[in-house]
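Participant: sequence and predicted model, in that order:
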Amino acid sequence: MKIEKILEGKSAIITGAASGIGRATAKLFAAQGAGVLLADIREEALLQVREEIIADGGRAIAITVNLGLIEDVDRMVQVALDTWGSPDVVLSNAASYSLGTASELTEQQWDSTLAVCLKATWMIARRVLPVMAEKGSGSFITTSSVHAIRGYRRHAAYQASKGGIEALTRAMAADYAPRVRVNSIMPGAVETGIWDGLTQEDRARIALQCPLQKNGRPEDIAWSALFLASEMSSYITGHGLVVDGGLSAVSGL
């Protein structure tokens, strides 16, 4: 699929940009004309993404941040404002989680998961949304998950954070309309770096759980983010866009 430069002259902040969905979205947005600020805690991988974008003729800057710390988030947003002014698009995508039931998780595991997966989105929004509203336009996108609407064993903290992301998305959509649109993407089984320990047999088994019988790629989510970032979705706000191969639409195959 090829669409020509629909983000020409725009700017975007993308967190969790060093790999997976964030990396794929950063490269797609840059290819579509946007200047992208890449943020992640993994410096080497982040700089590699920046170099790839620049080598392809795109515009990118990279900043190493801990998205769980408000001072790091404020510094990241300030760099974006100083570089391109009010961002046109934000993809709050960074994630971190620890496996465990409610009784297995430690307080530190719970807090660190909620900080990066949920609180970080609020920390970004508190700085960015007023600026977008003052400018009169903007698209703020959150990466949620089908974990927000389905139950999975031993993911208590992660699922709580994603449920919170959905509620926060709707709240911000109501608060900042009509000038700013706020939407979420709920990916299903997407093969990212988290899958590195899975065998091909494991991956095939997971793929068969959804009607399309295949796992998603980071690029599948990036195209969805581009839709929400652009004027193609100009009449959509407060929405959770499910991109899961039909997984959440069925009770079993």
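Facilitator: Yes, it's here.
Participant: for Leu129, what are its contacts?
Facilitator: Neighbouring residues of Leu129 by Cβ atoms under 8 Å, 6 or more residues apart in numbering: 138, 140, 172, 175-176, 180, 182. Bear in mind the C-beta positions are built from the backbone N, C-alpha and C, glycine included.
Participant: next: Val182.
Facilitator: Taking Cβ under 8 Å, 6+ apart, one finds 129, 139-142, 169, 172-173, 176, 237-238 in contact with Val182.
Participant: with Glu43 instead?
Facilitator: Per Cβ under 8 Å, 6+ apart, neighbours of Glu43: Thr64.
Participant: quick one on the thing from earlier: which among the contacts of Val182 gets closest to Ala189?
Facilitator: Proximity of the contacts of Val182 to Ala189 (Cβ to Cβ) peaks at Thr142, which lies at 19.0 Å.
Participant: which strand residues bridge the closest one?
Facilitator: Taking DSSP bridges as the rule, Thr142 bridges to Ser92, Ser184.
Participant: so which of the contacts of Val182 belong to helices?
Facilitator: 129, 169, 172-173, 176 (DSSP state H).
Participant: top of those residues by neighbour count?
Facilitator: In terms of neighbour count, Thr169 stands highest of the ones in helices among the contacts of Val182 at 26 neighbours, by other Cβ atoms under 10 Å.
Participant: for Glu8, see how far away that residue is.
Facilitator: Computed with Cβ to Cβ, to the nearest Å, the distance linking Thr169 and Glu8 is 27 Å.
Participant: thinking again about what came up before, just the contacts of Val182 now: which is nearest Ser224?
Facilitator: Distances from Ser224 to the contacts of Val182, taken by Cβ to Cβ, are shortest for Ile141, at 9.0 Å.
Participant: from Pro87, how far out is that closest one?
Facilitator: Separation of Ile141 from Pro87 (Cβ to Cβ): 11 Å.
Participant: check Ile54 too.
Facilitator: Distance, Ile54 to Pro87, using Cβ to Cβ: 19 Å.
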